[in-house]
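Visitor: I would like to see how this sequence folds:
(4 chains)
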There are 2 protein chains.
Amino acid sequence: MVRMNRMTESPGTARDAEAVSRFVESFAAQLVEAGLARMPARVFAALLSSDEGAMTSAELGEQLRISPAAVSGAVRYLAQQHMVSREREPGSRRERYRVHGNQWYEALTNRETVIRRWEGALREGVTSLGADTAAGRRMAETLAFFEFIEVEFATMMERWRAHREKTFGPP
Amino acid sequence: MVRMNRMTESPGTARDAEAVSRFVESFAAQLVEAGLARMPARVFAALLSSDEGAMTSAELGEQLRISPAAVSGAVRYLAQQHMVSREREPGSRRERYRVHGNQWYEALTNRETVIRRWEGALREGVTSLGADTAAGRRMAETLAFFEFIEVEFATMMERWRAHREKTFGPP
DNA sequence: CGCTGTATTCAGAAATTTGTGAAGTTAAGG
DNA sequence: CCTTAACTTCACAAATTTCTGAATACAGCG
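Guide: Residues are numbered from 1 along each chain as shown, chains lettered A, B, ... in the order given. Modelled structure (predicted):
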């Protein structure tokens, strides 16, 4: 009985470090392609595939082979975007970073702030180019699209929460 | 009566170049913040605020003060993303780049390809980490979210087209 | 009150991205 | 065909971004 080093004991406890790492990097790559910066993407992917859904700075640094500074920067960014939360461990000064079990993707897809800014810019465009110009009309229509999206998005998320609860049980 | 240089003649024809430029740059900045690269963002904003909804390479270069090479690169990217189309002018070898009147924002928000890739990555994650692990379950739930979104998005766009037609008339 | 384990900040090195000039390619018009 | 007006590609310079090591700040513990 050779080869009982990992992924052999009680499933859900020990883990194939290499497989995890492969997944982390490949998922991070997708996030990067979607526009996320490199380190935040890697940190986030690592947290997402951790069994606890949370890791310490040291654990992240070890898994990803990056400096504490890089962890700090990535985590700060992710926290600002509400994609992770920080927890102070009761005892020591160590901190854990946690993915919000079922809300992070709302943060990820919730471009509400962005949409609002676009709407602002478009309104400005309509007035500064003139509502009676072709360009002005085109932008007015675009603006209408975003206003439409903004509302739809909210109700869509509402439907998801309902659907989710039904399928996976309460958060 | 001094100062009758621009924005004086029939509205909708002559345009205040400076105001246009201000808007172009400010809207481009929003697009950049949303993740678009600099040149594509500027080119796109310029097209969007042109009265025709289309410009030649030379016009773009002049308005944005960039080289033909930069225009070429930006336009290639935008075309790949289906945010602009290229038109060959009947006569000469000049090409015009056009924003699709009311479909570009679908291209912009339609992350379907991206979503598909994420789903792939997540499926891989579920199997490689184990469906019976906590991490696996978390990812299965995330996967369900994206599958949900994918469908919702399609119907949302359908509703928009209906709404649009009612409000602005046929495309 | 120091000590120690953590987290953060900062200056700079390294890598990546971006935009240009110049050469190359294509096709219309003589 | 040859010329010429466009567009494209390519190598490189410049600017920006990213990550690290080192110094700094902070908080719990003895």
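
Visitor: which secondary structure elements does the biggest helix by length in chain A contact?
Guide: With DSSP state H setting the assignment, residue counts place helix A:134-168 as the longest helix in chain A. Applying 3 or more C-beta pairs under 8 Å, 6 or more residues apart in numbering or on different chains; DSSP states H and E, one finds that helix A:134-168 contacts helix A:112-129, helix B:38-48, helix B:104-109, helix B:134-168. All C-beta atoms are positioned from the backbone trio N, CA, C, and that covers glycine.

Visitor: That helix: which residues count as buried?
Guide: Using 16 or more other C-beta atoms under 10 Å in any protein chain shown as the test for burial, helix A:134-168 gives A:135-146, A:148-149, A:152-153, A:156-157, A:160, A:164.

Visitor: Likewise for stretch A:68-83?
Guide: For stretch A:68-83, a neighbour-count test (16+ other C-beta under 10 Å) marks A:70-71, A:73-75, A:77-78, A:83 as buried.

Visitor: Kindly report the same for stretch A:58-68.
Guide: A:59-61, A:63-64, A:66.

Visitor: Tell me the one of those nearest B:Leu129?
Guide: Among these, A:Gln63 lies closest to B:Leu129 (C-beta to C-beta), at 13.7 Å.

Visitor: Low-confidence stretches in chain A?
Guide: Within chain A, the stretches with pLDDT under 70 are A:1-15, A:108-111.

Visitor: DNA strand D contacts on that one?
Guide: A:37-39, A:65-70, A:73, A:88, A:91-93 (C-beta under 7 Å from any atom of the strand).

Visitor: Cross these against helices and list the overlap.
Guide: A:38-39, A:68-70, A:73.

Visitor: Can you name the residue of chain A nearest to chain B?
Guide: In chain A, the residue that lies nearest chain B is A:Gly35 (3.7 Å; C-beta to the nearest C-beta).

Visitor: Would you confirm that that residue belongs to a strand?
Guide: No. When classified by DSSP: H, G, I helix; E, B strand; the rest coil, A:Gly35 is found to be coil rather than part of a strand.

Visitor: I'd like to know how far the closest residue to it other than its chain neighbours sits from A:Ala37.
Guide: Among residues not flanking A:Gly35 along the chain, B:Gly35 sits closest, at 3.7 Å (C-beta to C-beta, 6 or more residues apart in numbering or on different chains). Plainly put, B:Gly35 is 10 Å away from A:Ala37 if you go by C-beta to C-beta, to the nearest Å.
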